[in-house]
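1. structure for the following, please:
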Amino acid sequence: MQAIAVIGLSCLFPEANTPAEYWQNLLQEKNSCTTATELNLDTEPSRFFTDKKGVADKYYCARGGYIRDFTLDVDGFLLPQERIEELGETFQWPLHVAREALRDSGYYENSKILKECGVVLGNLSFPTKASNHLLLSLYQQALDPLLKKALNRPDFNLESFAQQKQYSPENSRISGLPASIVAQALGLSAHSLALDAACASSLYAVALACHYLQSGKTDLMLAGAVSAADPFFVNMGFSIFHAYPQHPETCNPLDNNSGGLFASQGAGMFVLKRLDDAERDGDHIHAVISGIGLSNDGRGQFVLSPNSKGQMLAYERAYESSRITSAEIDYIECHATGTPLGDKVELDSMEMFFAAPETADENKTKPLIGSVKSNLGHMLTAAGMGGMTKVILALQNGIIPATVGVEDVMTSKNDGVSADQIVRQAADWPHKRQQRSAAVSAFGFGGTNAHIVFEAANTEKILGKAKQQKKPAHKKQSAAAIIGMEAIFGGCNGLHEFYQTIYDNKQHFRKLPPERWKGLEQHPELSQAPEGAWLESFEMDFLRFKLQPNPKERLIPQQLLTLKVTDRALKKTNLREGQNVAVLVAMETELEIHRFRGRVNLASQIEDSLEKTGITLSDEERKQLIALSRDSLLEEVPINRFTSFIGNIMAARISSLWDFSGPAMTISSEENSVFRALEIAQMLLVQNNVDAVVITAVDLAGSPEQVLLRNRTSPLNSAKATLSFDREVNGWMIGEGAGTVVLKSMENAKKDHEQIYAALDSLEFANGVSAESIEDAGKKALKNAKLTADEIGILEVFGSGNEHEDKAEMSGLSSLYSGKNSSCAIGGIKANLGHTFAASGMASLIKTALCLHHRFIPGVPQWTAPKTELLSGNEFYVPVESRPWLIQPGGLKRHAAISGLGQDNVCSHLILSEVPAELRHKVEVAESGDLSLFPLMGQDMSTVRKTLSDLE
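-> Next up is the predicted model:
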């Protein structure tokens with residue numbers, strides 16, 4: 001890989017708000033873990049604490065690393081102060097570390113450079129303290145009238161779970177929006193996204209940022225992570241997993257007596273730049289990244305159990321990509337969290353790789369090792385920022401800080417990693433070579449593995465090699481081939497039904513299915529449940545997916561649906577188990593998981609409310625009331641079900657099922673999540689990092705939590721259900737579902753004789769949701785595809801139903817497609833299946849690929865006429881029925897475009913094209929025996945034959 005320079009860094013760790021404070025804490029061997037307070041948990045900690053493992057709805061450990069005494073300085077950002085002040089820690093902490101890292105780099109006030117800077121943020125898709133304040137009141141207000149009736153006390157009022165605070169509705173967009181807020185607040189480019197690779201998220205963020213730099217898409221990147229999930233939720237989860245030490249045990253990574261991990265909070269950020277550019281510009285270089293290896297464990301014993309196979313593969317890939325060998329590594333910062341199994345497996349993996357008999361020598365067998373989690377605890381998604389920052393500071397200072405608390409030293413199985421390698425007292429850097437080098441490992445839930453190689457910056461070796469490297473030109477996007485697809489949206493149970501829906505102009509809007517909202521329609525704002533394209537049910541093969549059929553252990557629908565749709569798509573390709581395939585899941589946090597804390601809180605809420613109202617119940621009556629109330633919201637959550645609350649596990653389950661070894665993660669960028677995943681897929685394929693990429697998108701946008709919060713900021717449609725540019729539409733329509741596409745490079749797809757639905761030719765983004773930005777994204781996409789607007793036959797619009805977005809989109813698209821010979825059909829899948837938000841791009845992509853493959857122009861159901869301010873010109877037409885897609889005179893093939901935009905304040909434009917008939921012959925969408933009618937017309941037989949030839 002091309003060497004990447006770290007030119008700026010910052011941190012917000014427990015008891016360390018700056019890298020300087022952090023370094024001093026490390027040298028002083030400080031343990032920054034403390035006991036949680038009411039301020040951390042939004043409740044009195046003792047009310048939910050037990051000293052025993054395995055007690056339902058209780059945690060047995062409240063010790064961890066907490067951020068305290070920090071207040072964000074809201075001055076100087078490009079967003080209104082009031083908006084930032086109403087954002088929670090998941091937003092404010094990344095804002096702080098991003099700004100401080102840019103200050104450290106010297107580019108904070110250079111707006112020209114910042115416009116070319118992107119951001120990749122590792123972020124945990126868990127509820128936050130701020131999102132709790134938005135959603136837990138929903139459960140309170142829905143249950144309150146039921147409790148009044150049950151107690152026969154109209155004066156009873158169910159108390160709030162905590163003192164209410166003012167938070168913006170934006171806090172419900174947990175997964176992806178924090179990265180976008182950083183980009184908007186600092187004036188960065190349109191390349192912003194968040195990812196969740198569990199405990200490896202920090203290293204994955206750095207890896208993707210390096211891909212952006214190596215591809216030439218950006219010249220500067222912010223790469224970092226935040227761990228600001230609700231500590232109450234985190235403590236409950238790790239208690240369910242039995243991952244905490246139980247008193248008197250404690251957390252001591254790399255010690256045989258360690259009883260488990262301590263969970264912590266934090267955030268960190270790096271500024272990255274190509275090394276040759278950094279040297280040319282005279283930047284201060286903290287360290288150099290010279291090798292990266294990402295992998296997944298693939299098939300293993302259990303989704304939470306580590307596997308040496310995947311860890312060793314991450315090592316191998318890192319040193320294959322690096323200019324130095326594993327024998328040159330002086331120090332390795334281990335993942336080592338303090339869990340006995342995890343630490344032991346990691347040391348055994350290191351022994352097998354770094355001390356393998358066939359390659360062992362004096363240098364290779366003795367890299368020093370340690371773990372900063374002995375100081376900070378486990379910062380989850382931000383854990384890697386602690387480890388990487390420690391290594392960079394150690395490289396600069398020539399000192400390796402101690403791993404504290406190690407007494408009974410853990411070693412590998414055959415002592416290939418021995419006790420004398422663990423740094424238990426601060427040590428000078430081992431001067432075995434001229435060049436200082438180190439590596440950092442991270443191994444997350446679901447087998448997400450990463451290993452990054454760092455080198456000191458000030459040596460002739462790096463300078464000499466860097467001078468030989470050239471800045472990459474912005475690479476032309478190579479076409480990617482769609483080789484597999486599947487769709488389950490609304491009433492469409494599979495690709496065939498999805499195809500029939502768009503071809504036959506079907507719609508799937510219906511009344512709310514019974515019991516779907518579990519009584520939460522009692523909430524005043526949900527009493528009039530709207531029609532929607534609800535996903536009512538789907539079947540699962542529990543044996544195929546190796547899942548427990550016990551309903552109490554069942555995964556949440558979001559993860560079950562992801563598994564089903566992805567597996568179906570993969571079976572339609574020539575991919576085999578065990579290949580190097582990346583898995584990307586476009587998603588947002590499933591807001592339904594807030595019901596877990598809603599359930600647990602009810603014990604204290606009901607007890608406090610009974611006391612305040614003066615109602616006396618027997619112990620048995622009180623327990624029964626609490627149990628019934630809790631179970632009406634959510635049943636007790638055992639370990640397997642809680643694993644499905646972890647976002648990245650969706651991607652990991654697919655890798656496990658198919659034994660894939662490529663990187664697996666979730667990608668979040670609001671409604672642009674699918675397009676961002678496509679961009680990442682193209683980079684991975686162009687740089688030959690993987691054999692293929694599978695992208696799945698999922699969103700159950702009809703949950704009461706989603707509907708309630710979205711309807712407060714953008715009203716639901718109460719009129720005709722059709723494309724939102726129609727004059728009779730006045731809002732957005734509910735949609736639910738998931739879809740999958742499988743991608744290969746066009747070259748490999750042809751070589752492997754894959755079935756090909758369509759080619760992805762060009763994808764571009766622009767900042768802002770305005771007519772100008774929408775036109776800009778489209779112009780760039782057309783230019784890269786070497787097409788004119790006149791050559792686009794179908795334009796799939798975003799058409800959200802939001803008045804501002806619709807006006808901006810149609811204005812921008814009208815300007816873009818205003819050519820003299822333009823004759824472009826427009827449509828939108830939301831007219832058939834509603835708005836699926838994070839999955840909406842996937843529904844549009846699959847629809848458009850099917851139209852290209854089957855060469856038809858889809859109709860728009862129930863279309864009447866455009867809004868007066870829209871479609872005023874003749875650039876577009878809206879077909880009301882499906883028709884054959886005849887190639888334009890002089891054209892060589894059919895081209896289509898998809899317009900996207902979203903709450904991430906970015907718009908996107910994707911260009912697709914058909915492939916020759918010989919590459920499409922294997923694809924079968926229609927089931928056996930189904931017929932499709934294509935009317936052909938002509939003045940004579942020769943014209944009809946020509947039309948038939950064009951259609952084929």
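
2. how many neighbours does residue 778 have?
-> The number of residues packed near residue 778 is 27, by other C-beta atoms under 10 Å. To be clear about C-beta, it is placed using only N, CA and C from the backbone, and glycine gets the same treatment.

3. same check on residue 916?
-> For residue 916, using other C-beta under 10 Å, the count is 10.

4. so how far is residue 374 from it?
-> 60 Å (C-beta to C-beta, to the nearest Å).

5. same check on residue 428?
-> Distance, residue 428 to residue 374, using C-beta to C-beta: 20 Å.

6. between these two, which one's more packed in?
-> It is residue 374, of residue 428 and residue 374, that has more neighbours when counted by other C-beta under 10 Å, with 27 against 9.

7. give me the element the more buried one is part of.
-> Assigned by DSSP states H and E, residue 374 belongs to helix 373-376.

8. residues contacting residue 480?
-> Residue 480 is in contact with 678, 681, 682, 685, 743, 744, 745, 746, 759, 760, counting by C-beta atoms under 8 Å, 6 or more residues apart in numbering.

9. show me the helices in the stretch 701-850 of the chain, by range?
-> 704-713, 746-751, 771-785, 803-816, 830-833, 840-854 (DSSP state H, counting those that start in this stretch).

10. ranges for the helices of the stretch 101-250 of the chain?
-> Here the stretch 101-250 of the chain has its helices, by DSSP H, counting those that start in this stretch, at 111-114, 129-151, 177-186, 201-215, 231-240.

11. what sits up against the last one?
-> The contact list for helix 231-240, computed with C-beta under 8 Å, 6+ apart, reads 36, 40-43, 48, 53, 57-62, 64, 66, 126-127, 129, 244, 260-261, 263, 265, 380, 596-597, 600, 637-639, 642, 645.

12. ok, the helix or strand following that helix: who's next to it in the sheet?
-> Per DSSP H and E, the first helix or strand lying C-terminal to helix 231-240 is strand 266-274. If you go by DSSP bridges, strand 266-274 pairs up with strand 4-12 (antiparallel), strand 220-227 (antiparallel).

13. can you show me the CA trace of stretch 891-904 as PDB?
-> Below are the C-alpha coordinates for stretch 891-904, written out as PDB (Å, rounded to 0.1, in the frame of the first residue of the first chain):
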ATOM      1  CA  GLY A 891     -27.500   4.700 -29.300                       C
ATOM      2  CA  LEU A 892     -25.400   1.600 -28.500                       C
ATOM      3  CA  LYS A 893     -26.900   0.500 -25.300                       C
ATOM      4  CA  ARG A 894     -29.400   1.600 -22.600                       C
ATOM      5  CA  HIS A 895     -28.400   3.800 -19.700                       C
ATOM      6  CA  ALA A 896     -30.200   4.700 -16.500                       C
ATOM      7  CA  ALA A 897     -29.600   7.000 -13.500                       C
ATOM      8  CA  ILE A 898     -30.600   7.100  -9.900                       C
ATOM      9  CA  SER A 899     -30.800  10.300  -7.900                       C
ATOM     10  CA  GLY A 900     -30.300  10.100  -4.100                       C
ATOM     11  CA  LEU A 901     -30.200  12.500  -1.200                       C
ATOM     12  CA  GLY A 902     -30.700  12.400   2.500                       C
ATOM     13  CA  GLN A 903     -30.500  13.800   6.000                       C
ATOM     14  CA  ASP A 904     -26.700  13.500   5.800                       C
END
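
14. buried ones in it?
-> Neighbour counts over stretch 891-904 (16 or more other C-beta atoms under 10 Å) mark 894, 895, 896, 897, 898, 899, 900, 901, 902, 903, 904 as buried.
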